[in-house]
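> Provided below are the primary sequence and the corresponding predicted coordinates.
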Amino acid sequence: MTSVQVQQLVHAPASAAYHAFSNATALREWLCDFASAVPRPNGRIYLWWAGDFYSSGHFIEVEQEKMVRFRWFSNIDPAPSEIAVTFEAQGADTLVTMTHSVPDGEYWVERAEGFRAEWQRSLENLVSVLETGKDLRIVNRPMIGIFPGDFTPEQAKRLNVPVLEGLRLDDTVEGMGAHDAGLRKDDVIVEVNGKAITNDFNTFPAAIHGKKGGDPVRVVFYRGPEKHSVEMILSRRPVPEVPFDAQALAKAVQEPYVAAIKALRQVFEGVSDAQAAKRPAPAEWSALDSVAHLIHTERANRQFIDELVQGFERAGDDFGGNIDAHIRATVQTYPNIEAILGELERNIAENAAFIANLPPEFVARKGSYFRMGWGMMQGTAHIYGHIEQIKAALAAA
C-alpha cells in the first residue's frame with residue numbers, strides 16, 4: 001500500500017481533537033456537511049458533502065484521546081482505503097497526524113496526492129474551529145441576504161409560478177446582494193451560477209461553492225409566470241463577535257429582542273383579536289398564525305441548543321416545519337393577541353436563560369458554542385422578516 005501523511009499542531013487538548021474525529025456533530029463542524037459516527041470497532045462512520053460526494057466506512061480501531069483508524073470508501077473510488085489519525089499531547093497543544101493508506105496502482109498515485117491536499121486544507125479548518133469556533137467554510141462563504149421559505153405545489157399555484165422546484169424567498173435583506181439585484185419576497189430562484197436550484201436547499205450553497213464576497217453570479221428566478229435573469233454581486237458575510245462567556249452571550253442574544261418585540265407589538269396596536277385571527281385566504285397565514293410560526297422557531301432554537309449541549313445534533317433531509325395543524329394548534333391554545341405575544345416573549349426569555357446557564361464544558365467546545373451563538377444572535381432578523389407579512393394579513397382582514 002501507498003501512504004500519504006499530513007500533520008497539524010492545534011492549540012487544544014487531545015480530548016478536543018479526538019472528539020472532532022469521533023463525534024458526528026463535531027465532524028460536521030469542520031469536515032463535512034453530514035456525518036454519522038459510532039466510535040468503536042466496526043462502528044459506522046459516514047461522511048457526506050453537499051454535491052453528493054460521500055464516504056461510507058467503519059472504525060477499525062479506537063483509543064480514547066489517542067487515535068482512531070477507520071475505513072474510507074468514497075462513491076468515486078474503485079476500492080476502499082484506510083485512514084489512521086493520532087493525537088499527541090504537547091503541553092497545551094496537540095499534534096494531529098493523519099495517515100491515509102491507499103491500494104497500489106497507477107490510479108491511486110494521483111488520488112493519494114489529492115487526499116493529501118484535501119486533508120491539509122481540512123486540518124487548517126480544524127485548527128480554526130477548535131481554537132476560535134469559526135468554520136472557515138462558513139465564515140469565508142459569501143451570502144446573498146435572503147430568508148428562504150418553503151415551496152409547495154400549492155404555493156406555486158397561488159404565485160402562478162410555472163415550476164415546482166426552486167427556492168422561494170420569504171424576504172430579502174436590504175443592502176445585500178439579492179435585494180440590490182432586485183429580488184423580492186415570493187420570487188422563486190431556479191438557477192444560480194449556471195447550476196439548477198431545487199427544493200433541496202443544499203443545491204444553493206453548492207452552486208456558489210468556491211465563490212467569495214464581491215464575485216458576480218448570474219441568478220435566474222421566477223416572479224409569477226415571468227422568468228428573469230439578473231447579475232448579482234455576492235455579499236461578504238458579516239461575522240459577529242460571539243462572547244465566550246455564557247451570561248454575556250445570553251445578554252447579547254436577548255437585548256436586540258426588546259426592540260424587535262416592541263416593533264411587533266406596534267403592528268397589533270388597534271387591531272381586534274378577530275382581525276388578527278382572520279386568514280387572507282384558506283392557505284395563507286393570519287397575523288396570529290405568523291406569530292405561532294415565530295413561537296415554533298424559538299422552541300426549535302431551544303431544542304437545537306439542547307442537542308448541541310448533549311453532543312448529538314439531529315439532522316434531517318429537509319427543514320420541515322410550517323405544518324398547518326401545528327400552526328392552528330398553537331393559535332387555538334393562545335387564541336388572542338396578548339396570549340400569543342406573551343407566549344412568544346416567554347420562549348425568548350427561556351432561550352436566553354438556557355444560554356446563561358450553559359455548562360463550562362460546552363462553552364469550551366468552541367465549534368458548537370460559536371455556531372449556536374452566531375445563530376442565536378441573528379434571531380431578531382426572523383421577527384423583522386415576518387412583520388411585513390403580518391401587516392399584509394391585517395390589511396386584508
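Perfect, thanks for sending it.
> per the record, what domains does this structure have?
What automatic domain parsing lists as the domains of the chain is 2-138, 146-233, 246-396.
> Export the ones you listed to CSV and append columns for mean neighbour count and mean pLDDT.
Placement of C-beta: from N, CA and C, glycine included. Converted to CSV, these look like this (neighbours: other Cβ atoms under 10 Å; pLDDT from 0 to 100):
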stretch, mean neighbour count, mean pLDDT
domain 2-138, 17, 97
domain 146-233, 17, 94
domain 246-396, 17, 96
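> The ones you listed: which one's closest to residue 240?
Evaluated with Cβ to Cβ, these place domain 246-396 nearest to residue 240, the distance being 5.3 Å.
> starting at the chain centroid, how far to whichever strand or helix holds residue 306?
Residue 306 belongs to helix 287-310 when assigned by DSSP states H and E. Relative to the centre of its chain, helix 287-310 is centred 15 Å away, using Cα atoms, centre = their mean, to the nearest Å.
> just to revisit the earlier point, output the domains of the chain as a markdown table; include the columns distance to residue 240.
Listed next are the domains of the chain as a markdown table, based on distance: least, Cβ to Cβ, whole Å:
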| stretch | distance to residue 240 |
| --- | --- |
| domain 2-138 | 11 |
| domain 146-233 | 15 |
| domain 246-396 | 5 |
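> rewinding a little: after the helix holding residue 306 comes which helix or strand?
For helix 287-310, the following helix or strand on the C-terminal side (DSSP H and E) is helix 324-333.
> For that following helix, which helices and strands make contact with it?
helix 287-310, helix 337-356 (3 or more Cβ pairs under 8 Å, 6 or more residues apart in numbering; DSSP states H and E).
> Output the contacting helices and strands for the shortest one.
By that I understand helix 337-356. helix 246-267, helix 287-310, helix 324-333, helix 366-376.
> ok, now the first one?
Of the remaining helices and strands, those touching helix 287-310 by 3+ Cβ pairs under 8 Å, 6+ apart are helix 273-277, helix 324-333, helix 337-356, helix 366-376, helix 379-396.
> a strand runs through residue 217, doesn't it?
Yes: inclusion of residue 217 in a strand is indicated when DSSP: H, G, I helix; E, B strand; the rest coil is applied.
> distance of the residue nearest to it when sequence neighbours are not counted from residue 144?
Once flanking residues are discounted, residue 217 sits nearest to residue 193: 4.4 Å by Cβ to Cβ, 6 or more residues apart in numbering. In this view, residue 193 and residue 144 are 11 Å apart by Cβ to Cβ, to the nearest Å.
> Next: residue 276.
The gap separating residue 276 from residue 144 is 33 Å, by Cβ to Cβ.
> same deal with residue 99?
Separation of residue 99 from residue 144 (Cβ to Cβ): 40 Å.
> got it, and residue 107?
Distance of residue 107 to residue 144, given as Cβ to Cβ: 39 Å.
> Then residue 211?
Computed as Cβ to Cβ, the residue 211 to residue 144 distance reads 10 Å.
> what residues do those two have in common as contacts?
Both residue 211 and residue 144 are contacted by residue 234, under the criterion Cβ atoms under 8 Å, 6 or more residues apart in numbering.
> okay, how far is it across stretch 19-34, tip to tip?
End-to-end distance of stretch 19-34 (Cα to Cα, to the nearest Å): 16 Å.
> ok, and what's touching it?
35-37, 39, 46-50, 62, 68, 85, 122, 125-126, 128-130, 135, 202, 307-308, 311-313, 315, 365, 367-368, 371.
> Can you give me the neighbour number for the closest residue to residue 373 other than its chain neighbours?
Closest residue in space to residue 373, ignoring its immediate chain neighbours: residue 242 at 3.9 Å, by Cβ to Cβ, 6+ apart. Around residue 242 there are 23 other residues, counting by other Cβ atoms under 10 Å.
> what angle separates the longest helix along the chain from helix 366-376?
Using DSSP state H, we find that the single longest helix of the chain is helix 106-132. Between the axes of helix 106-132 and helix 366-376, defined by axes from the mean of the first three to the mean of the last three Cα atoms, to 10 degrees, the angle is 70 degrees.
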